[in-house]
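**Student:** sequence first, then the predicted structure:
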Amino acid sequence: MRLSKSIIYLLIISFIFIQISPAFAGIVGTDSYLSEQTAQQDREDLRALMSRDEVRSLLETNGLTVEEAQARVDSLTDKEVSQMAEKFNELPAAGDAAVVVLVIALVVIILELAGITDIFTGI
């Protein structure tokens, strides 16, 4: 009995001196959740474009590997990725011609980010 009273007193003292901080939870808005999901999907779409043979050959002719190009895409901000994906989605779906234009635009942007080309200095 004496031991159980000692344990009870020890527990009471420990509960008094231990500070318990409350947990804070916030509401996650739909727009912030969807923007994260959209950015992630856009990145995956850009990575899928780089797996195409045309893109690989264009990158290799300009001295850039697919891994380096994917690293460049990963280093883009979510806003930049969404802008690129938006521009690609605005292109007309005209079969192979649209894909070629899309691939060339992607390669030019990646080469510009890699510092290999200097196209956008006048803008």
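**Tutor:** Structure received.
**Student:** most centrally placed residue in this structure?
**Tutor:** A centroid search over the chain (C-alpha atoms, centre = their mean) returns residue 40, at 5.2 Å, as the residue closest to the centre.
**Student:** give me phi/psi at that residue?
**Tutor:** In terms of degrees, to the nearest 10, the main-chain angles of residue 40 are phi -70, psi -40.
**Student:** what do you get for residue 29?
**Tutor:** Phi and psi for residue 29, reported as degrees, to the nearest 10, are phi -70, psi 150.
**Student:** which residues in the chain form helices?
**Tutor:** Listed in chain order, the helices of the chain (DSSP state H) span 2-17, 30-50, 53-61, 66-75, 78-90, 96-114.
**Student:** which helices and strands does the second one pack with?
**Tutor:** Pointing back at helix 30-50 there. Secondary structure elements in contact with helix 30-50, counted by 3 or more C-beta pairs under 8 Å, 6 or more residues apart in numbering; DSSP states H and E, are helix 53-61, helix 66-75, helix 78-90, helix 96-114. All C-beta spots, glycine's among them, are computed from the backbone N, C-alpha and C.
**Student:** that'll do, ta.
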